[in-house]
Each structure stands twice: as structure tokens, then as C-alpha cells.
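J.: Quick one, fold the following:
(one chain, ligands or ions: 1)
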Amino acid sequence: MANNTNEGKKFLDSVHQYFDHAASYSRLSSGIIAQIRAPNSVYKVSFPVEIDGKVEVFEGIRVQHSHHKLPSKGGIRFSMQVDEDEVKALASLMTFKCAVVDVPFGGAKGGVKINPRTSSVKTLEKVTRRYAAELIKKNLIGPGMDVPAPDYGTGSREMAWIADTYQALKYGETNALGCVTGKPIGQGGIRGRAEATGLGIYFGLREALSDTELLKGKGLNGNSMEGKRIIVQGLGNVGYHAAFFCQQDGAIITGIAEREGGIYNENGIDVKEAFKHRSENGSILNFKDCKNFDNSEEMLELDCDILLPAALENVIHKGNAGNIKAKIVAEGANGPVTREGEEILLRNGIIILPDLYLNAGGVTVSYFEWLKNLSNVRFGRMGKRAEEASYRRLVNAIETSSGKSMTNQERAFLTQGADEISLVRSGLEDTMINAYHGIRDVMVEKNIPDLRTAAFLTAIEKIGVSYESLGIFP
Ligand code: NAD
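T.: Okay, the predicted model is just below:
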């Protein structure tokens, strides 16, 4: 594994600087702070895979940043840019993210240096299975140990291969499917996982937009999503779903920036249609009624209410932060703003909704998937019909006492029991709302000027309590 590229190092430095700044507000001892900051273990592996009759060697890594709670949890990234510092930064963000949203996991992250866009499906399957086997044989993956998930360049298909490899090597283990999340529904996945990060971003943004105190003097009209102009960078899993749910609630998606360039229309872009256009044409450019941008980075600097970077890290930095005109930067991606970039944004009065809170919807629903796998039953399976029978009795009683009958539509609406997708979405919404207010309370209580520092501090204090209660620090 090529170590410490400049981008990876910059990302890790930013995370450390954010952490150190937040830790300066903490009441915890310096020893516990040092333990919370350090990655607990780093495992690097090289393994051979035969491709078209020739052997190629691939490099993989898994960082378990924190074992204060088990299992640890974090995605697997397939990219030629994967390096140790980047994975360490992402693993530590996972630790803090889980703590912020009260998901009882430690943080982890993994990666393999491979280009998923130019590799054949056969190669991807061989590499995924071999990487998984390398981790399984060292007991580094397992439902109670470390549970990977999709990240940049991987998806449900790769997670299914990992689960299958695990089951083959741990034949008969009852909880085996809990070894990885983000699986297809038919292989132990959960309804609502694919859109979870984007939907969580929508819930988080909606909560911030209703926070009159936070938005005071920012020039955002109305305390709702209605009419807010959003520019999104990256129309992948996170960006697409976040933009889709915001648009559904009245936001206007004025710009979409992608790898090949961007499109802009001040009257709004239909996100679903734009996604279809890109899938069919291989490019976002030349979408109806939109202006093309050859350089999509320029789009970050356009006037809008909310800028939603949902592609890569380090895209807002000291070189362009001063030109950002958005009133809110909503971090869909992990680490899209460098520490130097953040200083400039904050100085200019821009609100940053930090990644460790805003994109935590994915890990929250991964937690629900893991719970489902451990209990080996679909959510809602036991209770849905009983709930519906009880609601029917209530509706009957209301009809009898009022002497009025409800329409079939009203009756169906009122007597619906909770199924898996409604339970997942309800749990996600509740999590994002509670976490937002948890961070805001800390911000007010400690007189902290920005949400990221408050979010890091919230996480540090929660993790510190775990370490203190372990009693390993006399
Ligand atoms: P993805 O691969 O589905 O989407 C990324 C998108 O960004 C792609 O459409 C890609 O073409 C686009 N892109 C790449 N380079 C670009 C560039 N230079 N300019 C504009 N667009 C570019 O990945 P994803 O799962 O949506 O993840 C995106 C980010 O969100 C990553 O930082 C990831 O770590 C983070 N994240 C993902 C999840 C999740 O559940 N998928 C959860 C939390 C955080």
C-alpha cells in the first residue's frame, strides 16, 4: 500500500485538527483523550489474484480506529487513491459518527487499491472475496468483531460477496449475515439502506432549517426546505438521494456537479430525470434547459442557499473557500472541507453541517440491518398484523360512537401497521433529530461557535465515559 499521499495526509491532518480543537473543551484527562484519538489497529495486506491467466498482486487495508465498543464498523472503499492516512481519517470519523448518533459501535474503515470502473466484474468478485478471506482468517471481520459496509466504489453486490465468503468459511454460524451490512434485501439486507445516507441528510438539513436561533441573520427566508436553492456535487448514492428527498420537500436543485462537468438551471433541475439522463448518456452534460459547466469545481462557487458536496474529500480548501456563496455547507461526503477551508467559511458566517453528523444515516440504518441479522427476523413481521387489528378495533369504536363511517381510503390509512421500511425510516428520523439537538445543546452549554466542534466534543465525551467505565485508566 503506497503510504501517505498528500491528499490522504491532508485529510488525516484535518480530522486531527478538528479533534484537538474539540478536545480542548473536554473535561477528560489527557491520557483518555490520547487513547480516543489514536487508531487501535491497522492491518495491511497484499494478496495475489489470477486475472486472465496472470497473477496480479493487490493491496488492501483495514483500520479499526476504536474498540471502545464492539463490533467496529465502517465501509470498504475501492479506489486507486486509497492510502493508509486516508483510511485512518475515515476510520476515526466513523468512531465519532457512531458516538454522535448513539450507534453502539467503534469506528473502522477499509480499502483496496483497485479501479472499480475499469475492472471486470469477475476481477472485482475475486478481489473482494480474497480481501474478505484475508480479514476473516485473522478474525478481523465478524458480527461481534468488525462489520464492513459499502463506501466509495463498492455497493450491495460487493457486500453480498463478502457475506457469502464469510458464510463459506464460518459454516453454520447463526449470526453470520451480521458480518457485513449494506447487503441486498434477499441476502439479509434491510429495506431503506440504499437511500439511508441521503434521507438522513434531508432530515438533518430540515432540522437545521427549522432552527431559528442558528439561522438568525443568515438571510435564509422561512424555516423550511421550501424554495431553498441547492447545488449538489456528486450524483452518486449520497448526492442523488439527498437531493431527491430535499426536492420532494420543496427545495430547488439549481446545480449538479459531476466528474465530467456540471449543469445549472436557476428554476430547478428534476433530479430523477437528470440521474436517468446521466445513466443513459454516460454524462450529466447537455440536460434539457440547463447551462453546461465544463469545470464542475467552478459550480461550488455559484450563488445558492445550500451547497451539498457529496462526492470527495478536500474539495473546499483555502484556495476556494473565500469564494463560496452558499449560506449553508451541508457535508454529504466525508471530509469535503479542510481545516483551513473551514476557518474561512466560518469567518464568512457560513454554517457548516458536519459530516460526522449529517451523513450518519448510512451507519444508523446499517445498525438496524445488523440488529435484524442478529435476531434473524424481519422488522414488523411479528407485530404488524396485531397492530392493524388493534387500530381496526379503535376505528370501529369511533365509527360506532360518532355514527359516521370512514371511507375505505381513510380506514386503510388509519389502520396501517408498521412494516420494515416505515420502522427503518422512523428510527432514522428520530436518530437524526435527537442527534441534532444533542449537538446543539453542547454548543449552547459550552458556548462553542460551530457545529463541528460541538459534534466532535459530543462524541469525545460519550466515548470517554466508555473508557472511564472500563476502569483501565486508574
Ligand atoms: P458514489 O460512488 O455512489 O458517488 C460518488 C459520486 O461522485 C459519483 O457519481 C461520482 O461520479 C462523483 N464524482 C467523482 N469525482 C467527482 C468530481 N471530481 N466532481 C464531482 N463529482 C464527482 O459514492 P457515495 O456512496 O455516494 O459516497 C460519496 C461520499 O459520501 C464519500 O465521501 C463517502 O465516503 C461518503 N459517504 C457515503 C455513505 C454511503 O452510505 N454511501 C455514507 C456516509 C458517507
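J.: switch to C-alpha atoms for all contacts and neighbour counts from now on
T.: Noted.
J.: and the host helix or strand of residue 437, how far from the chain's centre?
T.: Counting by DSSP states H and E, the element that carries residue 437 is helix 420-445. Going by Cα atoms, centre = their mean, to the nearest Å, the spacing between the C-alpha centre of helix 420-445 and its chain's C-alpha centre is 14 Å.
J.: do the same with stretch 230-242
T.: 12 Å.
J.: pLDDT averaged over that stretch, what's the number?
T.: pLDDT averaged over stretch 230-242 equals 97, rounded to a whole number.
J.: How about stretch 278-298?
T.: Along stretch 278-298, the predicted local confidence has a mean pLDDT of 96.
J.: Compute the first-to-last residue distance for it.
T.: From its first residue to its last, stretch 278-298 covers 20 Å (Cα to Cα, to the nearest Å).
J.: For that stretch, list every residue counted as buried.
T.: For stretch 278-298, the neighbour count (16 or more other Cα atoms under 10 Å) marks 278, 283, 284, 285, 286, 287, 290, 292, 293, 294, 296, 297 as buried.
J.: After the helix holding residue 437, which helix or strand is next?
T.: Following helix 420-445 in sequence order, the next helix or strand is helix 451-470 (DSSP H and E).
J.: Could I get the full set of strands for the protein?
T.: In the chain, the segments counted as strands under DSSP state E are 41-51, 54-64, 72-78, 106-112, 146-150, 229-233, 252-258, 261-264, 291-293, 306-309, 328-330, 351-353.
J.: Tell me what angle the third one forms with strand 146-150.
T.: In this structure, strand 72-78 runs at an angle of 40 degrees to strand 146-150, with axes from the mean of the first three to the mean of the last three Cα atoms, to 10 degrees as the basis.
J.: Could you shift the numbering so residue one becomes 10, and keep it that way?
T.: Let's use 10 as the start, then, which means that last one is strand 81-87.
J.: quick one: the residue nearest to the spatial centre of the chain and residue 375, what's the gap?
T.: Within the chain, one residue has its C-alpha closest to the average C-alpha position: by Cα atoms, centre = their mean, that is residue 368, at 3.6 Å. Here residue 368 is placed at a distance of 12 Å from residue 375 (Cα to Cα).
J.: okay, the strands of the chain, which one's buried deepest?
T.: A comparison of those by mean neighbour count, using mean count of other Cα atoms under 10 Å, puts strand 115-121 on top with a mean of 30.
J.: Paired strands for that one, with orientation please.
T.: Take DSSP bridges as the rule and strand 115-121 pairs in its sheet with strand 63-73 (antiparallel), strand 81-87 (parallel).
J.: Just the C-alphas of that strand, formatted as CSV.
T.: The C-alpha trace of strand 115-121 is given here as CSV (Å, rounded to 0.1, in the frame of the first residue of the first chain):
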residue,chain,number,x,y,z
GLY,A,115,-16.4,1.5,17.3
GLY,A,116,-15.1,3.0,14.1
ALA,A,117,-13.3,1.3,11.3
LYS,A,118,-12.6,1.6,7.5
GLY,A,119,-11.1,-0.5,4.8
GLY,A,120,-9.9,-0.1,1.3
VAL,A,121,-8.4,-1.9,-1.7
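J.: is the ligand contacted by it?
T.: No - against the ligand, strand 115-121 shows no contacts by Cα under 6 Å from any ligand atom, the least distance being 9.9 Å.
J.: was I right about residue 360 contacting residue 337?
T.: Yes - when contacts are counted by Cα atoms under 8 Å, residue 360 is listed as touching residue 337 (4.7 Å).
J.: Please enumerate the helices of the stretch 310-459 of the chain.
T.: Per DSSP state H, counting those that start in this stretch, the stretch 310-459 of the chain has helices spanning 348-356, 364-367, 370-384, 393-411, 417-423, 429-454. These are given in chain order.
J.: which of those sits most buried?
T.: The highest mean neighbour count among the helices of the stretch 310-459 of the chain belongs to helix 364-367 (a mean of 26), with neighbours defined as mean count of other Cα under 10 Å.
J.: which residues touch that helix?
T.: Where contact means Cα atoms under 8 Å, 6 or more residues apart in numbering, the residues beyond helix 364-367 that reach it are 102-103, 105-106, 109-110, 209-210, 213-214, 339-344, 441, 444-445, 461, 464-465.
J.: Now do it, average pLDDT.
T.: 97.
J.: Now do that helix: distance to the chain's middle.
T.: For helix 364-367, the distance from its own C-alpha centre to the chain's C-alpha centre is 7 Å (Cα atoms, centre = their mean).
J.: ok, now stretch 67-79?
T.: Relative to the chain's own centre, stretch 67-79 is displaced by 17 Å; criterion: Cα atoms, centre = their mean.
J.: Quick one: residues in contact with it.
T.: Contacts of stretch 67-79 from elsewhere in the structure, counted by Cα under 8 Å, 6+ apart, are 10, 45, 47-58, 81, 93, 96-97, 100-101, 104, 113-123, 136, 140, 153-155, 472, 475-476.
J.: anything in the helix holding residue 446 near the ligand?
T.: No - no part of helix 429-454 sits close enough to the ligand to count as contact by Cα under 6 Å from any ligand atom; the gap is at least 13.1 Å.
J.: tell me the angle that helix makes with helix 370-384.
T.: Calculated by the same axes, to 10 degrees, helix 429-454 forms an angle of 130 degrees with helix 370-384.
J.: Give me the average confidence score over helix 429-454.
T.: Across helix 429-454, pLDDT averages out at 98.
J.: One more: stretch 196-214?
T.: On average, stretch 196-214 scores 97.
J.: Name the residues that touch it?
T.: Identification of contacts with stretch 196-214 by Cα under 8 Å, 6+ apart yields 169, 186, 190-194, 246-252, 254-255, 339, 341, 362, 367-372, 374-375, 377-378, 381-382, 429-430, 433-434, 437-438, 441-442, 445.
J.: No further questions, thank you.
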